[in-house]
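Novice: Show me how the following folds:
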Amino acid sequence: MERWRVDESLDALVLDETAVAVEVPASWGAEVSHQLRSAGPLGPILAIPGPRLRWLFLARPDPGPVPPHVPPPHVRYWDGPRRIPAAESRWVVPPAGALPPVGAVRCAIRTVRRFG
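Specialist: The predicted structure follows:
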(Lines give C-alpha, C1' and ligand atoms only; values in the text may rest on other atoms or scores of the structure.)
Protein backbone atom coordinates (compact mmCIF):
# COMPACT_ATOMS: atom_id res chain seq x y z
CA MET A 1 0.00 0.00 0.00
CA GLU A 2 1.25 3.50 -0.81
CA ARG A 3 2.01 5.75 2.14
CA TRP A 4 1.52 8.83 -0.03
CA ARG A 5 0.83 9.92 -3.57
CA VAL A 6 0.69 13.15 -5.50
CA ASP A 7 -2.80 13.44 -6.95
CA GLU A 8 -2.60 15.91 -9.83
CA SER A 9 -6.36 15.96 -10.27
CA LEU A 10 -6.70 17.24 -6.68
CA ASP A 11 -3.49 19.32 -6.75
CA ALA A 12 -2.64 17.60 -3.47
CA LEU A 13 -0.22 15.32 -1.70
CA VAL A 14 -2.31 12.54 -0.19
CA LEU A 15 -0.92 10.94 2.98
CA ASP A 16 -2.22 7.75 4.50
CA GLU A 17 -2.10 7.07 8.25
CA THR A 18 1.44 5.62 8.06
CA ALA A 19 3.10 8.82 6.82
CA VAL A 20 3.65 12.37 7.98
CA ALA A 21 4.96 15.44 6.20
CA VAL A 22 7.03 18.17 7.79
CA GLU A 23 6.77 21.53 6.06
CA VAL A 24 9.69 23.97 6.24
CA PRO A 25 10.49 27.16 4.35
CA ALA A 26 12.51 26.37 1.23
CA SER A 27 15.29 28.62 2.52
CA TRP A 28 15.94 26.01 5.26
CA GLY A 29 15.36 22.99 3.03
CA ALA A 30 18.87 22.33 1.72
CA GLU A 31 20.45 22.55 5.16
CA VAL A 32 17.75 20.41 6.80
CA SER A 33 18.20 17.76 4.08
CA HIS A 34 21.99 17.89 4.57
CA GLN A 35 21.61 17.37 8.33
CA LEU A 36 19.12 14.57 7.78
CA ARG A 37 21.36 12.82 5.23
CA SER A 38 24.26 13.01 7.72
CA ALA A 39 22.14 11.24 10.34
CA GLY A 40 20.76 8.46 8.15
CA PRO A 41 18.27 7.92 5.36
CA LEU A 42 16.90 10.87 3.45
CA GLY A 43 13.30 10.38 2.42
CA PRO A 44 11.32 12.04 -0.33
CA ILE A 45 11.12 15.83 -0.38
CA LEU A 46 8.44 17.71 -2.29
CA ALA A 47 8.79 21.42 -3.22
CA ILE A 48 5.51 23.30 -3.31
CA PRO A 49 5.37 26.78 -4.84
CA GLY A 50 3.09 29.48 -3.54
CA PRO A 51 3.41 32.86 -1.88
CA ARG A 52 6.36 31.22 -0.07
CA LEU A 53 8.11 28.22 -1.58
CA ARG A 54 8.06 25.40 0.95
CA TRP A 55 9.54 21.92 1.18
CA LEU A 56 7.69 18.90 2.57
CA PHE A 57 9.87 16.20 4.10
CA LEU A 58 8.03 12.86 4.10
CA ALA A 59 8.63 10.66 7.13
CA ARG A 60 7.16 7.85 9.16
CA PRO A 61 5.37 8.73 12.40
CA ASP A 62 6.85 8.11 15.82
CA PRO A 63 5.73 4.80 17.31
CA GLY A 64 3.65 4.95 20.45
CA PRO A 65 2.69 8.11 22.29
CA VAL A 66 4.13 11.28 20.78
CA PRO A 67 6.07 13.43 23.25
CA PRO A 68 4.94 17.06 23.51
CA HIS A 69 6.64 19.10 20.81
CA VAL A 70 6.22 22.72 19.79
CA PRO A 71 7.53 23.30 16.28
CA PRO A 72 9.61 26.38 15.52
CA PRO A 73 7.91 29.24 13.70
CA HIS A 74 7.24 28.50 10.02
CA VAL A 75 7.37 24.71 10.55
CA ARG A 76 4.21 22.66 10.21
CA TYR A 77 3.52 18.96 10.79
CA TRP A 78 0.91 17.15 8.71
CA ASP A 79 -0.29 13.76 10.04
CA GLY A 80 -2.03 11.29 7.79
CA PRO A 81 -4.59 10.56 6.62
CA ARG A 82 -4.79 13.95 4.99
CA ARG A 83 -4.64 15.90 1.74
CA ILE A 84 -2.05 18.68 1.61
CA PRO A 85 -2.45 21.36 -1.08
CA ALA A 86 0.42 20.79 -3.53
CA ALA A 87 -0.39 22.48 -6.84
CA GLU A 88 2.50 22.56 -9.32
CA SER A 89 4.77 20.67 -6.93
CA ARG A 90 8.00 18.93 -7.93
CA TRP A 91 10.20 16.34 -6.27
CA VAL A 92 13.44 17.72 -4.80
CA VAL A 93 14.30 14.17 -3.72
CA PRO A 94 12.16 11.59 -5.52
CA PRO A 95 10.61 8.69 -3.60
CA ALA A 96 12.96 5.71 -3.18
CA GLY A 97 13.63 3.50 -0.20
CA ALA A 98 12.53 3.84 3.39
CA LEU A 99 11.11 6.90 5.09
CA PRO A 100 13.15 8.42 7.91
CA PRO A 101 11.52 8.68 11.32
CA VAL A 102 9.86 12.03 11.97
CA GLY A 103 12.08 12.39 15.06
CA ALA A 104 15.15 12.52 12.78
CA VAL A 105 13.52 15.28 10.72
CA ARG A 106 12.73 17.23 13.92
CA CYS A 107 16.34 16.82 15.07
CA ALA A 108 17.67 18.09 11.71
CA ILE A 109 15.38 21.14 11.94
CA ARG A 110 16.53 21.88 15.51
CA THR A 111 20.18 21.68 14.40
CA VAL A 112 19.59 24.07 11.51
CA ARG A 113 17.68 26.52 13.71
CA ARG A 114 20.33 26.37 16.44
CA PHE A 115 23.31 27.01 14.17
CA GLY A 116 21.61 28.81 11.29
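
Novice: Next one: the most centrally placed residue in the chain, what pLDDT does it get?
Specialist: Compute the mean C-alpha point of the chain, and by C-alpha atoms, centre = their mean the closest residue is F57, 1.9 Å away. As predicted, F57 sits at a pLDDT of 96.

Novice: Now that it has come up, it's in contact with V32, right?
Specialist: Yes: with contact defined as C-beta atoms under 8 Å, F57 reaches V32; the gap is 6.9 Å. Glycine gets a C-beta too; all of them are placed from N, C-alpha and C.

Novice: shared neighbours, those two?
Specialist: Common contact partners of F57 and V32 (C-beta atoms under 8 Å, 6 or more residues apart in numbering): 24, 105.

Novice: Please determine how far the residue nearest to P101 when sequence neighbours are not counted is located from S9.
Specialist: Excluding its sequence neighbours, the residue lying closest to P101 (C-beta to C-beta, 6 or more residues apart in numbering) is R60, at 5.8 Å. Counting by C-beta to C-beta, to the nearest Å, the separation of R60 from S9 is 26 Å.

Novice: Neighbour count for those two, which is higher?
Specialist: Between R60 and S9, R60 has the larger neighbour count (other C-beta atoms under 10 Å), namely 18 against 5.

Novice: In contact with the more buried one: list those residues for me.
Specialist: 3, 18-20, 98-102.

Novice: again with W28
Specialist: Counted by C-beta under 8 Å, 6+ apart, W28 has contacts 55, 109, 112-113, 116.

Novice: Flag the least confident of those.
Specialist: Confidence-wise, G116 trails the rest of the contacts of W28, at 56.

Novice: those helices in the chain, which residues are they?
Specialist: With DSSP state H as the criterion, the chain has helices at 26-39, 102-115.
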